[in-house]
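A.B. asks: Build the 3D model from these lines:
(one chain, ligands or ions: 2)
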Amino acid sequence: MSPALTVLKDVFGYHAFRGRQAEIIEHVAEGGDCLVLMPTGGGKSLCYQIPALLRQRAGHGVGIVVSPLIALMQDQVAALTEAGVRAAVLNSTLTGAQASAVERDLLAGRLEILYVAPERLMTPRFQDLLDRTRVGLFAIDEAHCVSQWGHDFRPEYIQLSVLHERFPQVPRIALTATADAVTRQEIVERLALDDARVFLSSFDRPNIRYRIVEKDNARQQLLAFIKAEHMASDGTHDSGIVYCLSRRKVEETADWLRGHGINALPYHAGMEAAVRQQHQARFRDEEGLVMVATIAFGMGIDKPDVRFVAHLDLPKSMEGYYQETGRAGRDGLPANAWMAYGLGDVVQQKRMIDESEADEAHKRVSSAKLDALLGLCETAGCRRVRILAYFGEASEPCGNCDTCLEPPATWDGTREAQMALSCVYRTAQASRVHFGATHLIDVLRGNATEKIRQWGHDKVSTFGIGADRSVSEWHAIFRQLIAHGLLVIDHGGHGALLLGDSARAVLKGEMSITLRRQVSKPGRAERGGAGRGNRVDHTAQMDEQALANWEALRRWRTDTAREHGVPAYVIFHDATLAELARSAPDSMAELAEVPGIGAAKLERYGDELLEVLQKA
Ligand code: ADP
Ligand code: ZN
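C.D. replies: Ligands and ions are numbered 1, 2, ... in the order given. So this is what the prediction gives:
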């Protein structure tokens, strides 16, 4: 067995590496620099933790991990400590005395892995400590934080290039889940990683099922989705995250869900810090909690058993969508990414871009990013193919997204597209200004509102020509025309629509348009049909004895986690408990074979586990 595999098994209790982990670990353990691009949940942590341990044990010194996320650092250190690793953290949450103790351990060579916040790393005090310490490697987590274009820019990250200048012999591993080529290049330049090897993994998360539904009554749709797919017959439900754009909507949605039997909590940047932290801790520690949050929530959460991520509002970009949905199913078990989306979302996001303080170049980039996401929402093809293509990866239809599972019907919408486009043209021609979808739909349906009479739009040739279609059908048509670039939302924040580049070709009959059929009935999944198969139920295959074991093990885990002040999953993941419940080992040797039980945990908990199983 290779030394890396031995550590994987002994310390972490896992039996095999995932994806490119083995290659990366070997490269870094031998002193090479590298940049690792891996999706959220792909298993980046082990890529630096194992080389750090190997190098420390070979006498090269401590592994220093730079991470911007305080909560995540603490969770990682807690998990490593549970696994018997001598790990510590230096960040602003420590008291002076605690920090001094960590510094003493560092200087005495007692630490194997040290997590440091970037601003602390660059202080003269810490640089001086580094001069007096043997360092085995530097790991730079969330490396995209050096990118000024990205959404997580941290000025302190720019200075991390000095690590290479000051410690040229120490290998560096930079890691990120942000894949696009521009960010990648920026990381290489700013961190002086020109000679580093790049390990690019597939960005696919095959266990996540993507689904995007048309917004009708979004809350009701969400509730139906949770009930159909994430609730057990006894009313308990899975852990999940619901993202909303505004603080107010977060509060309202959490209240409403609670009123409908869902254990939901709000989280947003406007809440008092103490309450926010308490909600985050409850989400981490408790089972079956739904966090309703703005995007402020999620960075720094590595809870492995988040079973669904739902979006009630459209994210800003494919990057955002993928990062947020990536928080589901880190444990590799089936998980859902669900989104409700409507025309209003598109208009709202465009308005936010227009009204932002950013310069024109930035606004253009933001608009293009939003368009890519709209393309995903309106595609009649495989969602995953579309997502991966955005990140530069070719793939085949996945069989695990809504459009693969229930291919949407399409129809020839050329005539309707012509009606809509010519309505845009005629009204603008008549009035010298452009109008939004609501007004245009009124014109098409011959709905003589006051606004229509004011503008004289009851006189234009397109008045009433689309009366045979409902408002919601027209909404779907306009949305798709926007997603196809035939209509463009005007700058200026009022949702006014202009003709896009290829609109002329459609109007002249040179180009036909295929549209997705609007789904008016709830999909099978919402009715509790097809989607059921995607629910993770650890107890599904258990007989009576196994169920008793499972309950006893879970009680034990809750007590133990509370005693140690760590989240339950840091003690053991659900999958490990389920395997224990089913196979009911009755010796230390058998226990050691269960995935997720490493040497330290075997020694610490082995006897207790055997006792719990025996009594159950
Ligand atoms: P990332 O940082 O890339 O988002 P993590 O390092 O948090 O992902 O890993 C995600 C989950 O996968 C964690 O729960 C981790 O324990 C688990 N994991 C990682 N590598 C393996 C492996 N080789 N075998 C089993 N589980 C693994
Ligand atoms: Zn698919």
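A.B. asks: Quick one: the strands in the stretch 151-300 of the chain, in order.
C.D. replies: 172-176, 197-200, 208-214, 240-243, 264-267, 290-293 (DSSP state E, counting those that start in this stretch).
A.B. asks: I'd like these as TSV, with mean pLDDT and mean neighbour count appended.
C.D. replies: C-beta: built from backbone N, CA, C; applies to glycine. Output for the strands of the stretch 151-300 of the chain, formatted as TSV (pLDDT from 0 to 100; neighbours: other CB atoms under 10 Å):
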stretch	mean pLDDT	mean neighbour count
strand 172-176	96	26
strand 197-200	94	16
strand 208-214	95	24
strand 240-243	97	27
strand 264-267	97	23
strand 290-293	97	27
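A.B. asks: Of all the ones you listed, which one comes closest to ligand 1?
C.D. replies: Ligand 1 lies closest to strand 172-176 among those, at 7.5 Å (CB to the nearest ligand atom).
A.B. asks: Can you give the contact residues for the closest one?
C.D. replies: Here strand 172-176 makes contact (CB atoms under 8 Å, 6 or more residues apart in numbering) with 24, 28, 33-38, 44, 47-48, 51, 137-144, 163-164, 183, 187, 191, 193, 196.
A.B. asks: Mind checking which of those are in helices?
C.D. replies: If you go by DSSP state H, those have 24, 28, 44, 47-48, 51, 163-164, 183, 187 in helices.
A.B. asks: Looking at these, spot the one nearest Ala293.
C.D. replies: Distance to Ala293, by CB to CB, is smallest for Lys44 among the ones in helices among the contacts of strand 172-176, at 22.9 Å.
A.B. asks: what sits against Tyr243?
C.D. replies: Contacts of Tyr243 by CB under 8 Å, 6+ apart are 293-295, 309-313, 315, 324.
A.B. asks: before we move on, the earlier item: tell me the buried residues within the contacts of strand 172-176.
C.D. replies: By neighbour count, with 16 or more other CB atoms under 10 Å, these hold 24, 28, 33-38, 44, 47-48, 51, 137-144, 163-164, 183, 187, 191, 193, 196 as buried.
A.B. asks: my guess is Asp313 is in a strand, correct?
C.D. replies: No: Asp313 is assigned coil when assessed by DSSP: H, G, I helix; E, B strand; the rest coil, not a strand.
A.B. asks: thinking it is in contact with Gly344, fair?
C.D. replies: No: counting by CB atoms under 8 Å, Asp313 stays clear of Gly344, with 9.3 Å between them.
A.B. asks: Looking at those two, which is more packed in?
C.D. replies: Neighbour count, other CB atoms under 10 Å: between Asp313 and Gly344, Asp313 has more, with 22 against 16.
A.B. asks: ok, and the closest non-adjacent residue to that one?
C.D. replies: Residue nearest to Asp313 in three dimensions, not counting chain neighbours: Leu245, with 4.1 Å by CB to CB, 6 or more residues apart in numbering.
A.B. asks: The stretch 201-350 of the chain: helices as residue ranges?
C.D. replies: Ranges of helices within the stretch 201-350 of the chain are 218-230, 247-259, 273-285, 318-325, 343-355, based on DSSP state H, counting those that start in this stretch.
A.B. asks: For Tyr115, which of these is the nearest?
C.D. replies: Between those, helix 273-285 lies closest to Tyr115; by CB to CB that is 17.3 Å.
A.B. asks: Show me what that closest one is packed against.
C.D. replies: For helix 273-285, the elements it packs on are strand 264-267, strand 290-293, judged by 3 or more CB pairs under 8 Å, 6 or more residues apart in numbering; DSSP states H and E.
A.B. asks: check contacts around Leu137.
C.D. replies: 28, 48, 51-52, 55, 60, 63-64, 170-173.
A.B. asks: wait, Asp586
C.D. replies: Here Asp586 is in contact with 610, 613-614 (criterion: CB under 8 Å, 6+ apart).
A.B. asks: any idea which of the residues you listed is closest to ligand 2?
C.D. replies: Leu613 (40.9 Å; CB to the ion).
A.B. asks: Please report the distance of that closest one from Val570.
C.D. replies: Plainly put, Leu613 is 21 Å away from Val570 if you go by CB to CB, to the nearest Å.
A.B. asks: try Asp255
C.D. replies: 31 Å.
A.B. asks: ok, and of the contacts of strand 172-176, which contact ligand 1?
C.D. replies: Restricting the contacts of strand 172-176 to those touching ligand 1 (CB under 6 Å from any ligand atom) yields 38, 44.
A.B. asks: Let me have the helices and strands packed on helix 273-285 in CSV, extended by distance to ligand 1.
C.D. replies: Output for the helices and strands packed on helix 273-285, formatted as CSV (distance: least, CB to the nearest ligand atom, whole Å):
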stretch, distance to ligand 1
strand 264-267, 20
strand 290-293, 18
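A.B. asks: Export the ones you listed to JSON lines and append columns for distance to Ala581.
C.D. replies: Shown next, in JSON lines, are the helices and strands packed on helix 273-285 (distance: least, CB to CB, whole Å):
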{"stretch": "strand 264-267", "distance to Ala581": "29"}
{"stretch": "strand 290-293", "distance to Ala581": "26"}
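A.B. asks: do you know which of these lies nearest ligand 2?
C.D. replies: Across those, the minimum distance to ligand 2, taken as CB to the ion, is reached by strand 290-293, at 25.8 Å.
A.B. asks: check contacts around the residue nearest to Glu23 when sequence neighbours are not counted.
C.D. replies: In space, and not counting its chain neighbours, Glu23 is closest to Phe199: 6.7 Å by CB to CB, 6+ apart. The neighbours of Phe199, taking CB under 8 Å, 6+ apart as the test, are 20, 23-24, 27, 34-38.
A.B. asks: Mind pulling up the pLDDT for the residue lying farthest from the centre of the chain?
C.D. replies: Most distant residue from the mean C-alpha position of the chain: Lys459, 49.8 Å away (CA atoms, centre = their mean). Per-residue pLDDT puts Lys459 at 94.
A.B. asks: Assign it to helix, strand or coil.
C.D. replies: Lys459 - assigned by three-state DSSP - is coil.
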